[in-house]
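Colleague: model this:
(one chain, ligands or ions: 1)
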Amino acid sequence: MKICMNGRLVPESAAKISVFDHGLLYGDGVFEGIRSYNGRVFALDEHIDRLYRSAKAIALEIPISKQQITKDVIRTCKANKTMNGYIRLVVTRGVGTLGLNPFICKTPQIIIIAAKIQLYPKKLYDTGLKVITAGTIRNHSEACSPSLKSLNYLNNVLGKIEAINAGCIEAIMLNQQGFVSEATGDNIFAVTNGCLRTPPTHAGILDGITRKVVMELATQNGYEVAEETLMRYDLYTADEVFLTGTAAEVIAVVDIDRRKIGAGQPGIITKKLAKQFTAYARSVGTPIK
Ligand code: PXG
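Modeller: Below you'll find the model as predicted:
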């Protein structure tokens, strides 16, 4: 595998960063996870925009232009023949000393990995997911905003540990007010009486790119779509619940905290939107050439 390190394609064995990189020492950096389908990168501009917004939020100046990073992503996909894969774009604060001060780190490290994607088992798309609500609350927006896709994902990892320990793959996280925020790596929707509801960004969520596309598809289908504060009550009593994300795409949730959601199987609207999203994602994107 060839990795793009600061604009240079190097073999995986040579793709190394310093132990003094603040990305490692403090989780000081930002990232994106992007998909390619059939030789095209899905929503590349949106991901790159979000990367630069995350960087801006932590006062990290990415030393190259969006156009250049776009070219580097495509070049890395080409070099690895990543026609259907997963692209990880990482920008770390760079090398510093053992001390928090980010401003002594002079050179951010820009890393692009174009690899295979690890998906949820295919069967789960037919049966739906069983999830729990985690005891670990989602980061407070005024502490480390969930809108900021930083290299510090411990909050999400703690949620994931709870899920796995409970025999589930995913956990739903609540915010400091007890409202639903999102899953550990996916956004969440509840469907009630044909109306889709999803927590607003101020509930402490990542402003998901898949979430936005699904909201648009649902609107085009004539469904009412609302960004609304949701409580666990709203999930437990929904007709359908589903998650959206770059890796998961659209996947049904059929059980939360051992309570059956709706009929206990993927709902009609979830299935329809999953199908439409899958088709849409494979029909657009920036060509790898
Ligand atoms: N919430 C969180 C906390 C996320 O990390 C999403 C929602 C969905 O956002 P998008 O823009 O992807 O629809 C994410 C995305 C990984 C991986 O390697 C994680 C994500 C995406 C791709 C890969 O774990 N998280």
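Colleague: how close does I62 get to F31?
Modeller: Distance of I62 to F31, given as Cβ to Cβ, to the nearest Å: 12 Å. Where you see a C-beta, it was placed from the backbone N, CA and C, and this is true even at glycine.
Colleague: what residues are shared contacts of those two?
Modeller: L51, V91 (Cβ atoms under 8 Å, 6 or more residues apart in numbering).
Colleague: Which residues are in contact with R282?
Modeller: Counting by Cβ under 8 Å, 6+ apart, R282 has contacts Y37, N38.
Colleague: ok, and the closest non-adjacent residue to whichever residue of the stretch 1-150 of the chain sits closest to the ligand?
Modeller: Ranked by Cβ to the nearest ligand atom, the top residue of the stretch 1-150 of the chain for proximity to the ligand is G33, at 2.6 Å. Counting by Cβ to Cβ, 6 or more residues apart in numbering, G33 lies nearest to T246, which is 5.1 Å off, once chain neighbours are set aside.
Colleague: Backbone dihedrals for the one you found, please?
Modeller: phi -60, psi -40 (degrees, to the nearest 10).
Colleague: Give the burial count for it, as a bare number.
Modeller: Counted by other Cβ atoms under 10 Å, the residues lying close to T246 total 21.
Colleague: please begin residue numbering at 317 from this point
Modeller: With 317 as the first residue, the last one maps to T562.
Colleague: mind checking pLDDT for it?
Modeller: pLDDT recorded at T562 is 97.
Colleague: what about it, distance to the ligand?
Modeller: 3 Å (Cβ to the nearest ligand atom, to the nearest Å).
Colleague: before we move on, back to that, do I have it right that the residue of the stretch 317-466 of the chain closest to the ligand meets I428?
Modeller: No. Counting by Cβ atoms under 8 Å, I428 is not a contact partner of G349; they are 11.8 Å apart.
Colleague: Can you pull the residues of the stretch 367-516 of the chain lying near the ligand?
Modeller: The stretch 367-516 of the chain comes close to the ligand at residues N472, E498, G501, D502, N503, as judged by Cβ under 6 Å from any ligand atom.
Colleague: repeat that for 8 Å
Modeller: Y402, R404, P462, K465, Y469, N472, E498, A499, T500, G501, D502, N503 (Cβ under 8 Å from any ligand atom).
Colleague: Sketch out the low-pLDDT regions of the protein for me.
Modeller: The chain contains no residues with pLDDT under 70.
Colleague: any chance you could map the helices in it?
Modeller: Counting by DSSP state H, the chain has helices at residues 338-342, 360-373, 382-396, 439-443, 470-481, 525-536, 548-552, 584-597.
Colleague: who does the longest one touch, helix- and strand-wise?
Modeller: When you say that, I think you mean helix 382-396. strand 318-321, strand 324-327, strand 356-357, helix 360-373, strand 401-408, strand 425-431 (3 or more Cβ pairs under 8 Å, 6 or more residues apart in numbering; DSSP states H and E).
Colleague: Could you say which one of those comes nearest to A579?
Modeller: strand 401-408 (32.7 Å; Cβ to Cβ).
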